[in-house]
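1. 3D, please:
(chains A and B)
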Amino acid sequence: MTQSKWRLAAALLLLGVLAAGSLTPLSGPWAADDEARPVVTARANTIDGQQVGELLVDGQVALRIRQAAGGYTPEERAEKAAQRLDDAIAQGATYQDITTGQRNAQWVVLAKDEMIVTADSAHARMNATTPERLAQAWRTNIVNALLGQPVEPEPEPVGPGEVDWYESGKKAVPILDVGNQGIRIGAAQVVGPRQQVDQVKAVAQIELDLRHKLRAKVYIPISSLNITKLDRVQGVSVWLIGDLRILEL
Amino acid sequence: MTTRNRSRWILIVAVCLLTAFAGMAVAIDIGDIFKVAGIGYLVSEFGPEIDKTINKALAGREAEAKGATKVVPIITVLTGGYIGAAQVVGVPEKVKKVQAVAQTEPKLGDVRVTVLIPVSTKTPNRAIQRVTGVGVSAVIDLKIK
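-> Have a look, this model is predicted:
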């Protein structure tokens, strides 16, 4: 190789090193943190004709707020939640710091013990769940979004096949004896999610014979006073049974 | 010998004595076990079978509960004594925690009220540890002829 070729090779190598150096990110905590830091934003959206507020992490919808609360619209609530989450992340919060807890007797999502969003009871009712479970679902969504994993922005509403047995309502209803043409034999108090409890009209009592030795009185919360077809209300159960004394001795 | 094995032997001896004194051979059935060994044994040995029977009967009427079920003893709040059995129903992970149903009967004038509370302990006279998310589906007792 001639001397001019060596110089050309050295110059190309130098240029390559310089070019590679210009593409390498600057080292240091701020630069690295900024690059790794999730981008938290909020936006308004319309779904099924309803105005909703959405909280996004790196462009992915982590929360969808459908209910106004505390004097704020859904969009404003999403903005406030996004701002709080962004502030928490700026102060070093990671997905491990996202938790749930209670503030002023309400279930909330927290980041480093600072409130992000309230899982209000109206929103929970809309999803046929409890505020506690709604907060847990939102917390899971935020954690997944921060980890770059897919999220389900709205907790699945509880359908007939998936029951939320957590109680939030109580109601007294008559007990109807199925074996005796539905005669009223007492009263029961049922408990369960308010939406389901509201549907209960009576408790049907069925007496089952177990091997001719044992007797099981089964209590079935039903949505009508018709005992020919038992229309069970799922997610509701009996916790108090009352009957009148027939004889006073 | 473990406590469980000892209980089995006591049960077998007791039932044998029962049949011997009766002076005739009788089949050992669930009613005898209930009388001799008590509710605790009945629930531990036959709880799953009773649970399945109740669920099957309700499924036949299209009235079965969507959720986990389990049969546990009913115990009185004051004495902690076993007075029957109950089927509880609810969230699967919560149903697992239920050890018994605590029963109390407060007086409300002429109305007799029975309160049934699923609890996570078999000795509720100390402190009732209620299990939320679970309710009572059925009350099981000995059939009186």
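2. what is the burial count for residue A:92?
-> Counted with other C-beta atoms under 10 Å in any protein chain shown, the neighbours of residue A:92 add up to 9. C-beta coordinates here come from the backbone N, C-alpha and C atoms, glycine included.
3. what sits against the residue nearest to it when sequence neighbours are not counted?
-> Leaving out its chain neighbours, the residue that sits closest to residue A:92 by C-beta to C-beta, 6 or more residues apart in numbering or on different chains is residue A:112, at 7.7 Å. Residue A:112 makes contact with A:88, A:91, A:92, A:93, A:97, according to C-beta atoms under 8 Å, 6 or more residues apart in numbering or on different chains.
4. which one of these is nearest to chain B?
-> Nearest to chain B, judged by C-beta to the nearest C-beta, of these is residue A:97 at 25.4 Å.
5. distance of that closest one relative to residue A:146?
-> Residue A:97 sits at a distance of 10 Å from residue A:146 (criterion: C-beta to C-beta, to the nearest Å).
6. okay, those two: which has more neighbours?
-> It is residue A:146, of residue A:97 and residue A:146, that has more neighbours when counted by other C-beta under 10 Å, with 24 against 17.
7. and residue 75, what's its pLDDT?
-> Since you didn't name a chain, this refers to chain A. Per-residue pLDDT puts residue A:75 at 94.
8. wait, chain B was what I had in mind.
-> Residue B:75 carries a pLDDT value of 88.
9. among the contacts of residue A:112, which ones are in helices?
-> Secondary structure assignment by DSSP state H places residue A:88 of the contacts of residue A:112 in helices.
10. any idea which helix or strand in chain A has the lowest mean pLDDT?
-> When each helix and strand of chain A is scored by mean pLDDT, DSSP states H and E, helix A:29-36 comes last, with a mean of 47.
11. partners of the helix or strand just after it in the sheet?
-> Using DSSP states H and E, the next helix or strand after helix A:29-36 towards the C-terminus is strand A:40-47. Paired strands of strand A:40-47, with direction, are strand A:50-57 (antiparallel) (DSSP bridges).
12. what average pLDDT does the strand it pairs with get?
-> For strand A:50-57, mean pLDDT is 91.
13. widest-spaced pair of the contacts of residue A:112?
-> A:91 and A:97 (9.6 Å; C-beta to C-beta).
14. tell me the bridge partners for residue B:130.
-> Residue B:130 forms beta bridges with residue B:119, as assigned by DSSP bridges.
15. for the one 4 residues further on, same thing?
-> Beta bridges link residue B:134 to residue B:90 when assigned by DSSP bridges.
16. by contact count, what packs against the helix or strand residue A:64 falls within?
-> Assigned by DSSP H and E, residue A:64 belongs to strand A:60-65. On a contact count with 3 or more C-beta pairs under 8 Å, 6 or more residues apart in numbering or on different chains; DSSP states H and E, strand A:60-65 meets strand A:50-57, helix A:74-90, helix A:131-146.
17. quick one: strands adjacent to that strand?
-> Sheet pairing here is set by DSSP bridges, and for strand A:60-65 it gives strand A:50-57 (antiparallel).
18. give the buried residues for the partner strand.
-> By neighbour count on 16 or more other C-beta atoms under 10 Å in any protein chain shown, the buried set for strand A:50-57 is A:52, A:53, A:54, A:55, A:56, A:57.
19. residue ranges of each domain in chain A, please.
-> Domain assignment for chain A by automatic domain parsing gives A:35-146, A:169-242.
20. how far does the last one sit from its chain's centre?
-> Distance of domain A:169-242 from the chain centroid (C-alpha atoms, centre = their mean, to the nearest Å) equals 30 Å.
21. hmm, it touching chain B?
-> Yes: part of domain A:169-242 sits near chain B under the criterion C-beta under 8 Å from any C-beta of the partner chain, namely A:190-192, A:204, A:206, A:208-220, A:229-230, A:232, A:234-242.
22. for that domain, measure first residue to last.
-> Length of domain A:169-242, first residue to last, C-alpha to C-alpha, to the nearest Å: 18 Å.
23. pLDDT on that domain, on average?
-> Mean predicted confidence for domain A:169-242 is 87.
24. just the strands from chain B, written as ranges.
-> Under the criterion DSSP state E, chain B contains strands at B:68-76, B:82-90, B:100-104, B:107-108, B:111-119, B:134-142.
25. what angle separates the second one from strand B:111-119?
-> Computed with axes from the mean of the first three to the mean of the last three C-alpha atoms, to 10 degrees, the direction of strand B:82-90 lies at 70 degrees from that of strand B:111-119.
26. buried stuff in strand B:82-90?
-> Neighbour-count burial for strand B:82-90, counted by 16+ other C-beta under 10 Å, picks out B:82, B:84, B:85, B:86, B:87, B:88, B:89, B:90.
27. for it, name the packing helices and strands.
-> Counting contacts by 3+ C-beta pairs under 8 Å, 6+ apart, strand B:82-90 is packed against helix B:39-60, strand B:68-76, strand B:100-104, strand B:111-119, strand B:134-142.
28. in JSON lines: these, plus mean neighbour count.
-> Listed next are these as JSON lines, based on neighbours: other C-beta atoms under 10 Å in any protein chain shown:
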{"stretch": "helix B:39-60", "mean neighbour count": "18"}
{"stretch": "strand B:68-76", "mean neighbour count": "22"}
{"stretch": "strand B:100-104", "mean neighbour count": "22"}
{"stretch": "strand B:111-119", "mean neighbour count": "19"}
{"stretch": "strand B:134-142", "mean neighbour count": "25"}
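29. now these in TSV, with distance to residue A:106?
-> Shown next, in TSV, are the helices and strands packed on strand B:82-90 (distance: least, C-beta to C-beta, whole Å):
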stretch	distance to residue A:106
helix B:39-60	38
strand B:68-76	29
strand B:100-104	30
strand B:111-119	26
strand B:134-142	24
